[in-house]
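1. quick one: sequence and predicted model below, then my questions.
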Amino acid sequence: MPERDAGDSTADDAEQLTPGAVLDHGRYRLLEKVGADPRCDAQLWRAKDGVLGRDVALTILTGDRSHSDAASSARRTLERAMHASTFNHVGVARVLDVVTPAPGDPQGVLGVVIAEWTHGTDLIELISGGPLAPGTAARVLQPLAAAVEAAHHAGLVLGADHPQRIRVTPEGEVRMAFPGPLSTASSSDDVRGLGAVLYLLLTGRWALDAAPDGLPTAPTGPDGTIVAPRTLRPTVPLELSTVALRALGSPDTHGTTGGVRTGAAVLRVLEQHATFEEDASTSVMQAAPAGGGARESNEVWSTQDPKPDEVKRKKLAISVGALAVATLLVVGWIVANLIGLVAGNQEAEGPSVTLEDGNQQPAPGPEQSVPVKVTGGSPFVLEQTPDSPGKLGNLFDGDPATSWATDSYNDQFGSGFKSGTGAVLTFASPTTLREVVIDSPSAGTVVEIRAADGTSPDLNSSQVLGKQTLSAGQTTIPIEAAQPTQHVIVWLTQLAPTDGKFQSRINEITLAGSAA
């Protein structure tokens with residue numbers, strides 16, 4: 001047989017990555033290619049996990065295995081993705097597994113990063129009808145900016161600097177859907193990515209390299225600098241335009257300029273300008289991806305997300321209505337019988353006596369509380385480094401078997417080099433808290449719950465909502481909150497004595513707030 005040209009091997013092997021192909025000993029069946037990142041020869045796919053029966057997101061690294069630079073770069077990307085597997089944030093798809101090439105995989109596959117599948121739509125699809133309203137753009141980008149900030153606190157890089165690695169959830173929030181940063185990526189690349197995504201949402205143009213086909217690129221001025229969003233669209237607020245431009249930084253150095261070096265700086269501006277207005281451009285966030293029919297019950301795999309079945313929805317509405325009518329008839333019959341029974345007893349016992357207080361009103365019932373879901377968290381310290389940032393998600397993962405612990409200190413807080421440590425917890429929307437329950441084995445730990453004005457708050461200006469010394473087990477901290485808040489600081493000011501040192505451990509934090 002004639003020998004194949006080595007220069008074409010990667011391209012030929014990449015052609016074997018088609019819908020229906022399988023990877024990792026047949027476990028993952030490819031469903032739909034949703035994008036590519038040519039900077040690292042990565043293909044982005046939706047696939048079906050044949051073992052667990054769920055959709056997953058695959059970042060498939062391709063290249064020539066005999067090429068040492070390509071193989072080394074792929075290994076570095078896989079290592080960084082593996083380190084991120086413990087990171088848990090609503091703005092990032094969780095890394096489920098990292099695999100190296102298996103027998104039967106195409107020769108061009110150098111490794112695969114498997115993450116949970118993000119339902120919704122493509123980022124580029126979001127702006128297909130035109131740029132978003134500035135307030136909407138600021139709102140939908142907040143979860144990704146918060147994730148970048150939290151990841152950097154944990155010493156991780158997300159690689160959120162390519163539009164096809166990012167998707168929009170059905171709730172209308174931008175999310176890092178295909179983890180696996182470039183081997184050379186740094187935290188400044190994540191900040192530049194936030195600037196580029198904000199620029200895209202405001203203008204419909206991509207301001208970094210490797211723009212997908214058909215996506216317009218950002219224009220540049222005579223000096224080669226990128227034109228500000230406000231110049232292209234005068235309705236964009238000056239602060240949003242400035243933070244997008246300065247987060248992008250200098251195209252010569254790929255650094256950051258103007259003081260925008262962190263995700264926190266971007267997030268602060270987004271929080272100030274986020275609004276909830278509805279416009280035509282946001283309707284795509286609620287729409288299912290185009291194409292494809294209804295999924296059959298015996299279908300093994302499909303290339304599209306399932307769409308709502310209007311016929312079933314109509315039948316369900318009719319059934320619910322009929323059930324409601326029947327329930328009302330039954331309740332009416334029971335009430336009528338009870339009234340007849342009471343009336344009969346009154347006639348047998350004599351006339352009834354009516355109290356004269358006509359102004360008496362029914363006493364209001366007690367205010368009910370509902371669980372408050374924590375959507376994200378980030379370490380919070382005033383001095384030195386955070387304590388166990390990689391385990392912070394264990395505070396609100398719903399599993400008391402996992403825990404977050406402080407470092408072990410020779411001195412108690414206040415007498416050593418730290419005044420305290422803790423975390424900022426974020427909710428989906430502003431909430432009036434009523435109580436916080438902390439499950440901890442570290443008796444003697446003193447915890448303050450404080451209202452925060454963002455994910456990077458000022459401790460001195462934050463309001464103390466509640467304070468308690470923990471007992472071993474569950475401790476309830478009553479909260480006196482007059483105003484709703486979307487962020488709280490869990491601040492430890494005293495640690496538990498442990499083996500001659502000081503250290504505290506928290507298994508789980510649950511919160512409750514006023515019912516809507």
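-> Okay, I see it.

2. name the nearest residue to Thr217, sequence neighbours excluded.
-> Ala211 (5.3 Å; Cβ to Cβ, 6 or more residues apart in numbering). Glycine gets a C-beta too; all of them are placed from N, C-alpha and C.

3. and Leu329, how far from Ile339?
-> 16 Å (Cβ to Cβ, to the nearest Å).

4. how about Arg434?
-> From Arg434 to Ile339 the distance is 38 Å (Cβ to Cβ).

5. okay, these two: which has more neighbours?
-> Arg434 (20 against 10; other Cβ atoms under 10 Å).

6. quick check: that one is in a helix.
-> No - assessed with DSSP: H, G, I helix; E, B strand; the rest coil, Arg434 is strand; it does not lie in a helix.

7. quick one: the residue lying closest to it once chain neighbours are set aside and Ile114, what's the gap?
-> Nearest residue to Arg434 in three dimensions, chain neighbours excluded: Ser369, at 4.7 Å (Cβ to Cβ, 6+ apart). Distance, Ser369 to Ile114, using Cβ to Cβ: 38 Å.

8. before we move on, the earlier item: any idea what the residue nearest to Arg434 is bridged to?
-> Ser369 forms beta bridges with Ser514, as assigned by DSSP bridges.

9. cool, and Val488?
-> Leu425, Ala451.

10. pretty sure it is touching Ala451, no?
-> Yes - A contact is recorded between Val488 and Ala451 when judged using Cβ atoms under 8 Å, the distance being 6.2 Å.

11. looking at those two, which one has more neighbours?
-> Val488 (30 against 21).

12. what about the residue nearest to Thr217, which SS state?
-> coil.

13. how many neighbouring residues does it have?
-> With other Cβ under 10 Å as criterion, Ala211 counts 19.

14. kindly report the same for Ala324.
-> Using other Cβ under 10 Å: Ala324 sits among 10 other residues.

15. what do you get for Arg165?
-> 26.

16. who's in contact with it?
-> Residues counted as contacts of Arg165 (Cβ atoms under 8 Å, 6 or more residues apart in numbering) are Gly35, Asp37, Leu44, Thr59, Gly159, Met176, Ala177, Phe178.

17. ok, and for stretch 130-148, which residues are buried?
-> 131-148 (16 or more other Cβ atoms under 10 Å).

18. coming back round to it: test my guess that the residue nearest to Thr217 contacts Gln164.
-> No - using Cβ under 8 Å as the test, Ala211 is too far from Gln164 to be in contact (9.8 Å).

19. nearest residue to His273 other than its sequence neighbours?
-> Closest to His273 by Cβ to Cβ, 6+ apart is Ala138, at 4.3 Å.

20. could you check the distance from that neighbour over to Leu200?
-> Counting by Cβ to Cβ, the gap from Ala138 to Leu200 is 13 Å.

21. cool, and Gly120?
-> 16 Å.

22. these two - which one has more neighbours?
-> Leu200 (29 against 25).

23. list the contacts for that one?
-> Leu123, Ile127, Pro163, Trp206, Ala207.

24. which of the residues you listed sits closest to Pro497?
-> Leu123 (50.5 Å; Cβ to Cβ).

25. what's the pLDDT at Val22?
-> For Val22, the pLDDT comes out at 91.

26. what is the burial count for the residue lying closest to it once chain neighbours are set aside?
-> Computed as Cβ to Cβ, 6+ apart, the closest residue to Val22 that is not its neighbour in sequence is Arg29, at 5.1 Å. Neighbourhood size, Arg29 [other Cβ under 10 Å]: 17.

27. on the three-state scheme, Arg29 is what?
-> strand.

28. Gly50 is in contact with that one, correct?
-> Yes - using Cβ under 8 Å, Arg29 is in contact with Gly50, at 6.1 Å.

29. could you pull out the helices for the stretch 351-500 of the chain?
-> Using DSSP state H, counting those that start in this stretch, no helices are found in the stretch 351-500 of the chain.

30. how about low-confidence regions in it?
-> Where the stretch 351-500 of the chain drops to pLDDT under 70, the residues are 351-368, 416.

31. which stretches in it count as strands?
-> 369-372, 374-380, 404-405, 421-431, 433-440, 446-452, 464-469, 473-478, 485-494, 497-498 (DSSP state E, counting those that start in this stretch).

32. what about the last one, distance to the chain center?
-> Spelled out, it's strand 497-498. 35 Å (Cα atoms, centre = their mean, to the nearest Å).

33. ok, residues contacting that strand?
-> Here strand 497-498 makes contact (Cβ under 8 Å, 6+ apart) with Ser408, Ser442, Gly444.

34. where are the low-confidence patches of the stretch 101-250 of the chain?
-> For the stretch 101-250 of the chain, the ranges with pLDDT under 70 are 250.

35. common neighbours of Val488 and Ala451, please.
-> In contact with both Val488 and Ala451: Leu465, using Cβ under 8 Å, 6+ apart.

36. can I see the domain layout of the protein?
-> 7-116, 121-286, 369-514 (automatic domain parsing).

37. dump the ones you listed into TSV; add distance to Val335 as well.
-> As requested, the domains of the chain are exported to TSV (distance: least, Cβ to Cβ, whole Å):
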stretch	distance to Val335
domain 7-116	46
domain 121-286	41
domain 369-514	29
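
38. please identify the deepest-packed of those.
-> Neighbour counts (mean count of other Cβ atoms under 10 Å) averaged over each of these peak at domain 121-286, with a mean of 20.

39. distance from that domain to the middle of the chain?
-> Using Cα atoms, centre = their mean, the distance between the centre of domain 121-286 and that of its chain works out at 16 Å.

40. now do the spatially closest residue to Val148 that is not a sequence neighbour, the pLDDT please.
-> Nearest residue to Val148, sequence neighbours excluded (Cβ to Cβ, 6+ apart): Gly263, at 3.5 Å. Looking at Gly263, its pLDDT stands at 89.

41. ok, Gly263 - contacts?
-> Applying Cβ under 8 Å, 6+ apart to Gly263 gives the contacts Ala145, Ala146, Ala147, Val148, Glu149, Ala151, His152, Asp190, Val191, Leu194.

42. ok, those residues vs Gly20, which is closest?
-> Distances from Gly20 to the contacts of Gly263, taken by Cβ to Cβ, are shortest for Ala147, at 33.0 Å.

43. host element of that closest one?
-> helix 134-153 (DSSP states H and E).

44. so who does Leu215 touch?
-> Ile124, Pro163, Arg205, Trp206.

45. and these as JSON lines, adding secondary structure?
-> Below are these laid out as JSON lines (three-state DSSP):
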{"residue": "Ile124", "secondary structure": "helix"}
{"residue": "Pro163", "secondary structure": "helix"}
{"residue": "Arg205", "secondary structure": "coil"}
{"residue": "Trp206", "secondary structure": "strand"}
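
46. which among these gets closest to Glu271?
-> Distances from Glu271 to those, taken by Cβ to Cβ, are shortest for Pro163, at 23.0 Å.

47. quick check, the closest one in contact with Ile124.
-> Yes - with contact defined as Cβ under 8 Å, Pro163 reaches Ile124; the gap is 5.8 Å.

48. need the residues touching each of the two.
-> Common neighbours of Pro163 and Ile124 (Cβ under 8 Å, 6+ apart) are Pro212, Leu215.
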